[in-house]
Every structure is written in structure tokens, then in C-alpha cells.
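Peer 1: Could you work out the structure for the sequence below:
(one chain, ligands or ions: 2)
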Amino acid sequence: MRKGRLTFDNESCKGCELCVTFCPVEILYLDKDRINQSGYNLISVTDMDKCIACAQCAIVCPDSVIKVEEVREA
Ligand code: SF4
Ligand code: SF4
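Peer 2: Numbers count the residues shown, from 1 in each chain. Ligands and ions are numbered 1, 2, ... in the order given. Now for the predicted structure:
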């Protein structure tokens, strides 16, 4: 099973939630408790271990906020 790890360029995020909509395992959400310097709420991850490294979130993000790396398990 492929697993992924995400890193976010948070200052570029505009809180549009496209990534939330497209994640097939529904682990992304708009976090009302986190905000960037532009005043947008940020995306948080509920359970990183469920990420399948499909990269849909990164592909749909209009601002190239998300980087997906595949984690190779021993
Ligand atoms: S890489 Fe795929 S599974 Fe992982 S957070 Fe992005 S859309 Fe969801
Ligand atoms: S798609 Fe990109 S800009 Fe939109 S909420 Fe997700 S990370 Fe932020």
C-alpha cells in the first residue's frame, strides 16, 4: 500500500477547499483554528497515515501549495 506525506506552502493557500473536495480518503479539512498572514484559513490533515499518495490534492490546487512525497516502507 502506498503512503504519502504532505508538506504545505501555507502562505500561498487561499482556503478554497478544492484539495478537500478531491481527496479520495477524505483526510483534509479547512482548519478554522489556523490562519495565514493573508487571513485565509489553512488546511489540516486528520490522519496522515491514510494518505495514499495519489497527489490529487496537489494537482487540483491552483496555487501549488501542496507537495506530496511517497513514503517507502521497509
Ligand atoms: S495525496 Fe491523495 S490521499 Fe493524500 S491527501 Fe492528497 S488527495 Fe488525499
Ligand atoms: S486547493 Fe490549495 S489553495 Fe485551495 S485550500 Fe487546498 S491547499 Fe489551499
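Peer 1: Residue 24 contacts residue 54, correct?
Peer 2: Yes - the pair residue 24 and residue 54 passes the contact test of Cβ atoms under 8 Å, sitting 6.4 Å apart. Yep, even glycine has a C-beta here, placed from its N, CA and C like the rest.
Peer 1: Those two - which one has more neighbours?
Peer 2: More neighbours surround residue 54 than the other of residue 24 and residue 54, with 16 against 9 (other Cβ atoms under 10 Å).
Peer 1: part of a strand, is the more buried one?
Peer 2: No - per DSSP: H, G, I helix; E, B strand; the rest coil, residue 54 lies outside any strand segment and is coil.
Peer 1: ok, it - contacts?
Peer 2: By Cβ atoms under 8 Å, 6 or more residues apart in numbering, residue 54 lies in contact with 4, 24, 68.
Peer 1: Just the residues you listed: which are in strands?
Peer 2: The strands, defined by DSSP state E, take in 4, 68 from the contacts of residue 54.
Peer 1: Show the contacting residues for residue 62.
Peer 2: 14, 16, 18.
Peer 1: Can you get me a residue count around the residue nearest to the first one when sequence neighbours are not counted?
Peer 2: In space, and not counting its chain neighbours, residue 14 is closest to residue 40: 5.2 Å by Cβ to Cβ, 6 or more residues apart in numbering. Using other Cβ under 10 Å as the criterion, residue 40 is surrounded by 17 other residues.
Peer 1: which residues touch residue 40?
Peer 2: By Cβ under 8 Å, 6+ apart, the contact list for residue 40 reads 13, 14, 15.
Peer 1: and the first one, how many residues sit next to it?
Peer 2: Okay, so that is residue 13. Neighbour count of residue 13, defined by other Cβ under 10 Å: 21.
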